[in-house]
Structures are given as structure tokens and as C-alpha cells.
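# generate coordinates for the sequence data below:
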Amino acid sequence: MQLDDSVPSTAAHAHEDGEGASLGVLASALGSGSVLDLGGSELTLSCGATDLYGLRIQNGRLVVPVGGWLLIKGGLKASSQSTRSSEVTLQGVHVVGACVLGDSSEAVGLVQMEDGARLVMKECTISVADAPSGSHPSPSAGCTACVLVHAGGWATLHACTVANASPGPGLSAAGARAQLTAHATRVDASPSPSAPVGSACVAVRGGASAQLSGCSLRCCGRSDHGHRGEGACGSGAAVEVVGQGSRLSLRDCVVDVACSAAVRVGVLATGGARCELSSVNVVTPGAAAMGAAASMVVLGAGAGVAPGVAPGAVPGSAGAAAAAPAPAPTTVAAAGTGASPGAAAALGVEACGPGTRLVARDCRVDGFAPGALRIDGGATAQLEGCSFVGSCGGPGVTLSGGGSVAGFERCVLARNAGPGIEVCDGAHGELLPGCEVARNASAGAVLVAGPGSRLLVHAGVDVRDGRTEATRGGEIVAVPNPK
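As a prediction, the model looks like this:
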């Protein structure tokens, strides 16, 4: 159906009685599977939920006022009139809305899916404006996401632009069986300067899953969910995956947090979540302007630490012949010396807590003041073909806490202000053949401290720095080649 001049007066504008936008009435009348071509027109909705009834809407602009949202209901719903599908398609549509104010701690979405609902968005723009000055909710109040997938819902975005100027995430998936997929999509979560708190540009929680590829993720606010107070994990993540059963996969993506010192972690996994990174470029505060090169990685509870290996001297490695891998395409860049205080506190990637699992392949983490990657609190990590270089304020890699284990294969730990790797407080680490630890300052190549802390260094690891140190009950174990 082509939207003509007669439709806006009867179906596009809000009802005076406030019972909902008449677009929903039109959608119901057209029925599931119908196509509504707006022809470049702008439709203004009213407060409350506007059910899209399985429509395909294209080529126009939908304006959603404060207190309104677009709703995709789940399942097949039959009546005496019709049966409608749960899938809605938007193509070439610009959805414009405003921050929804309230006291609820639950997030709401400008576009949101119920259990069983399906949404496909192609070449769309979804933007949320900031709340009026002086009317922001408290940091504990709920916030407005551009797109929110509830438990059991499903959404996919292709070549879209998502922009949130309110204290809320760009994309959010929350609850078991919620699924979010995005490809070649730009997500910008940049609250106004007057906003008291911001959220992650991508948030995955409560058993939801998300897969993003070829996306640009830009975050200028901060995600203040109290992770440090509640679970000794990092707060202020640009991208976060939280909770048992939650899964996040990023491939060929850019995470840009260079515009704000308030963002303290580029990518955060915690609470038993699983995070997989492949060719992800994470840019942190000040890196773009300063061209800094520094990094740190902290890993926890990883794989492959073999118990019961007899202690031995770490190969001094002037003659260790392990070829360093070529620089990997995934880059985490952070502020170097002279960066703002907020930038100095930035981590590239953090995995925290029992059951949390991080897998990173072909990544480069470069230019962070305290470090690029942190694994602690019993998390596990596996890193292959990665470079962790140029930390200007601490170790290249830090493993911390009992139950935290990390395995490194074909990785480079070099040019860090602290040791290349620090293992402490009962953590375990393993450097497999093909790794290189070189040109690190301060404590040299390796520092292992605290009872129960252990680092296995396999033959074939190139350790060029002159100093390796085990203190306060820590242990460095040399593992020879099998005969």
C-alpha cells in the first residue's frame, strides 16, 4: 500500500483521546504481511505502545514522542477477523524518539520485541534524543535503548545507524533466548554532557546472545552498574556481556571509546558470560590524538595449565628460537603518557568472575596506561596470535586471583612499562611455544607473586628480557620439549 495524502489525516496522527497512535489502527486494518510504503512521509505517533501487526514498513519517518514506543508482539495471534505474524520488517525507515523518564530500574526500548517476536531492519536509522534539561532520571532509574530485545525475542539489523543521545544503550538484549544480530551497522551511544550517567553502546544480559560483524561501536558515556562494588569487576564498559548463559561475539568490529575518559573498559565480560573476539579494533581515550602505543592484558581462569610440573629455570632465551607472529588485525589502542586521568584508567578488555570465558584470536591490544586486558576473579581466557604491547603504566598482561587461568599461544608481550606478564594472588598462566616476551621495562619479562601463583613457560618461548622473578611463594616453571 502506498501512503497517500488521505492517510495522514486518518491514520498517521495521534488520537486526541491518547489511546494510541492510529498507525497501529492502520496496521491492524491492513493485516499481517502487508506492505506500507510511506513514500517519504513523516508519521507522528502518540504515547503508549504502537503495535506494528506484522507489517513491512518502508521509505519514511516515524516520530515517537516521550512515553511512546514501537512494539513487536510475539507469536501468532488469531481473532475472528485475522491471524497475524510476529515478524515485522522496516526498510529505509527513520525512527525518531525521546528518552522515556521513570523510576523503574528496568530498561525500555524505543523499538522493542516481546517473547517470540521477530524484527528485521534494513538500511534504517533509529535515534533517541536526550531528555529535557533537568529531567534526567537518577543513575539507578531505567533508561531508553534504541532497540531492546526481550527474552525470547529476535532482531537482526543490516546496514543500519543506531544513535542514542540519552543515558541508555544503543542495542540491548536481555533475558533467556533473546537474540540480536547486526551486520555493517553503526551504533553510537553518546549521552549529552548534562546526562548524569550513560550506558554501554551494546549490552547483553540475563542469558541473551548477540553476534555483531563489520560494525562500528562508539561510546562516549559510562556504564555505571556497580560491577566493582558488587563483584570486583570493571565498570564503565563500552560493550558489555553480563550473566550466566549470556554470549557475545564480535568479528571485524571497531569499538571506539576515544571521545570520553569516563569509559573505563572497552569490552567487559562478567558474571559467567562468554565473549569471543576476532579482528576487533578497540580504541580508547586519547589514542587517536596522541598516537600512543601501550597495552596491558589481564586474564583469569584460562585453559591449559598442567599441574605437577617440576620447577625449573626459565630459559634465558637469548637463543630461544620462537618466531614472533605478525601483527594481528585486531587492535586495542589506548592513551599513553600525558593522557587524561580517565584515559589512564582505561582497560581494553576485561573478563571477570567464575565461569566467565574469553576467547580472542588475531588481536592487537596497544597503548593503554594501566593495561590492555585483564582477567581476574576466576575467569578463563584463551588467546591465540595476539599482541599485547606498549602499556605505559603497568604490566602487559595481568592474571589475578585464585581460579583465574590464561593460556597464550603465538602471542607477543613486548614494550610494556611493567613486566610483560604479571601473575598474582593464586592465578595460573601458561606461555605456549611461539610466544615472545621482549623489551619490557621495570620488572622485566615475568613477575609471579603470591602463594599458589604459577606460570608455565614452555620451551620455544622467546624470553629476551634479563629478569624473571618469583616472589612471596609464586612459582615459575620451565616446561621442556617432550622427548
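
# quick one: buried residues of stretch 437-454?
437-438, 440, 443-450, 453-454 (16 or more other Cβ atoms under 10 Å). Where you see a C-beta, it was placed from the backbone N, CA and C, and this is true even at glycine.

# spell out the residue ranges of the helices in the chain.
Under the criterion DSSP state H, helices of the chain are mapped to 7, 22-30, 227-231, 287-290, 341-344.

# for this structure, what helix or strand is lowest in average pLDDT?
None of the helices or strands of the chain scores lower by mean pLDDT, DSSP states H and E than strand 297-299, at a mean of 30.

# and Gly385, how far is that from Val477?
24 Å (Cβ to Cβ, to the nearest Å).

# could I get the average pLDDT for stretch 421-434?
For stretch 421-434, the mean pLDDT works out to 93.

# repeat that for stretch 97-117.
72.

# and if you look at stretch 383-393?
In the prediction, stretch 383-393 has an average pLDDT of 84.

# that older thread, what is the nearest of the buried residues of stretch 437-454 to Glu42?
Using Cβ to Cβ, Asn440 is the member of the buried residues of stretch 437-454 that sits closest to Glu42, with 58.6 Å.

# what sits against the closest one?
Gly396, Leu413, Ala414, Arg415, Asn416, Gly418, Pro419, Gly420, Asp465 (Cβ atoms under 8 Å, 6 or more residues apart in numbering).

# one more time with 10 Å
Asn440 makes contacts with 389, 391, 395-396, 413-421, 446-447, 464-465, 467, as judged by Cβ atoms under 10 Å, 6 or more residues apart in numbering.

# so Val457 makes contact with Val479?
Yes - if you go by Cβ atoms under 10 Å, Val457 and Val479 touch, sitting 6.7 Å apart.

# low-confidence bits of the stretch 351-483 of the chain, can you list those?
Along the stretch 351-483 of the chain, the parts satisfying pLDDT under 70 run over 442-444, 466-467, 483.

# change it to 80
Residue ranges of the stretch 351-483 of the chain with pLDDT under 80: 365-373, 390-394, 441-444, 465-468, 481-483.

# hang on, Asn164 packs against Leu217?
No - under the criterion of Cβ under 10 Å, Asn164 makes no contact with Leu217, lying 11.8 Å away.

# overlap of the contact sets of the two?
Gly170, Leu171, Val187, Asp188, Ala189, Cys201.

# dump these to JSON lines, plus distance to Leu36 and neighbour count.
Formatted as JSON lines, these follow (distance: Cβ to Cβ, whole Å; neighbours: other Cβ atoms under 10 Å):
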{"residue": "Gly170", "distance to Leu36": "26", "neighbour count": "29"}
{"residue": "Leu171", "distance to Leu36": "25", "neighbour count": "31"}
{"residue": "Val187", "distance to Leu36": "26", "neighbour count": "30"}
{"residue": "Asp188", "distance to Leu36": "28", "neighbour count": "20"}
{"residue": "Ala189", "distance to Leu36": "30", "neighbour count": "32"}
{"residue": "Cys201", "distance to Leu36": "30", "neighbour count": "35"}
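
# in strands only, show me these.
Leu171, Val187, Asp188, Ala189 (DSSP state E).

# biggest separation within the residues you listed, which pair?
Leu171 and Asp188 (10.9 Å).

# for the stretch 1-150 of the chain, which segments count as strands?
Secondary structure of the stretch 1-150 of the chain (DSSP state E, counting those that start in this stretch): strands at 35-37, 42-44, 48-51, 56-63, 68-72, 77-78, 83-84, 87-98, 108-113, 118-122, 125-129, 144-149.

# show me what the second one is packed against.
Looking back up the chat, that one is strand 42-44. Applying 3 or more Cβ pairs under 10 Å, 6 or more residues apart in numbering; DSSP states H and E, one finds that strand 42-44 contacts helix 22-30, strand 56-63, strand 87-98.

# angle of the shortest one against strand 108-113?
Strand 56-63 and strand 108-113 meet at an angle of 170 degrees, taking axes from the mean of the first three to the mean of the last three Cα atoms, to 10 degrees as the criterion.

# buried residues in strand 56-63?
Arg56, Ile57, Gln58, Asn59, Gly60, Leu62, Val63.

# which one of these is nearest to Leu90?
Nearest to Leu90 out of these is Ile57 (Cβ to Cβ; 5.4 Å).

# now the buried residues of stretch 437-454 as TSV including distance to Asp376?
Output for these, formatted as TSV (distance: Cβ to Cβ, whole Å):
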residue	distance to Asp376
Val437	20
Ala438	25
Asn440	20
Ala443	19
Gly444	22
Ala445	21
Val446	18
Leu447	16
Val448	15
Ala449	14
Gly450	13
Ser453	12
Arg454	16
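
# so which of those residues are in strands?
Going by DSSP E, the strands hold Val437, Ala438, Val446, Leu447, Val448, Ala449, Arg454 from those.

# for the second one, give me its contacts.
For Ala438, the contacting residues are 317, 324, 389, 412-415, 420, 445, 462-465, taking Cβ under 10 Å, 6+ apart as the criterion.

# just the fifth one next, same as before
Contacts of Val448 were listed using Cβ under 10 Å, 6+ apart, and they are 314, 399, 419, 421-424, 427-429, 454-455, 468-477.

# could you redo the last one with a cut-off of 7 Å?
Going by Cβ atoms under 7 Å, 6 or more residues apart in numbering, Val448 touches Val423, Arg454, Leu455, Ala470, Gly474, Glu475, Ile476.

# how much space is there between it and Val463?
13 Å.

# go on, the last one?
For Arg454, the distance to Val463 under the criterion Cβ to Cβ works out to 16 Å.

# okay, who's weakest in the shared contacts of Asn164 and Leu217 by pLDDT?
Ala189 (84).

# identify the bridge partners of that residue.
Asn164, Cys219 (DSSP bridges).

# ok, it touching Val202?
No - at 8.3 Å, Ala189 does not count as touching Val202 under the criterion of Cβ atoms under 7 Å.

# mutual contacts of those two, please.
Common neighbours of Ala189 and Val202 (Cβ under 7 Å, 6+ apart) are Pro169, Gly170.

# got the contact list for Ala417?
Ser391, Cys392, Gly393, Gly394, Ala441, Ser442.

# let me have these in TSV, adding distance to Ala238 as columns.
Supplementary listing: those in TSV, determined by distance: Cβ to Cβ, whole Å:
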residue	distance to Ala238
Ser391	19
Cys392	20
Gly393	20
Gly394	20
Ala441	29
Ser442	29
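
# hang on, the earlier thing: Throw the ones in strands among the buried residues of stretch 437-454 into JSON lines and include distance to Cys146, thanks.
Listed next are these as JSON lines, based on distance: Cβ to Cβ, whole Å:
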{"residue": "Val437", "distance to Cys146": "43"}
{"residue": "Ala438", "distance to Cys146": "45"}
{"residue": "Val446", "distance to Cys146": "45"}
{"residue": "Leu447", "distance to Cys146": "44"}
{"residue": "Val448", "distance to Cys146": "45"}
{"residue": "Ala449", "distance to Cys146": "45"}
{"residue": "Arg454", "distance to Cys146": "46"}
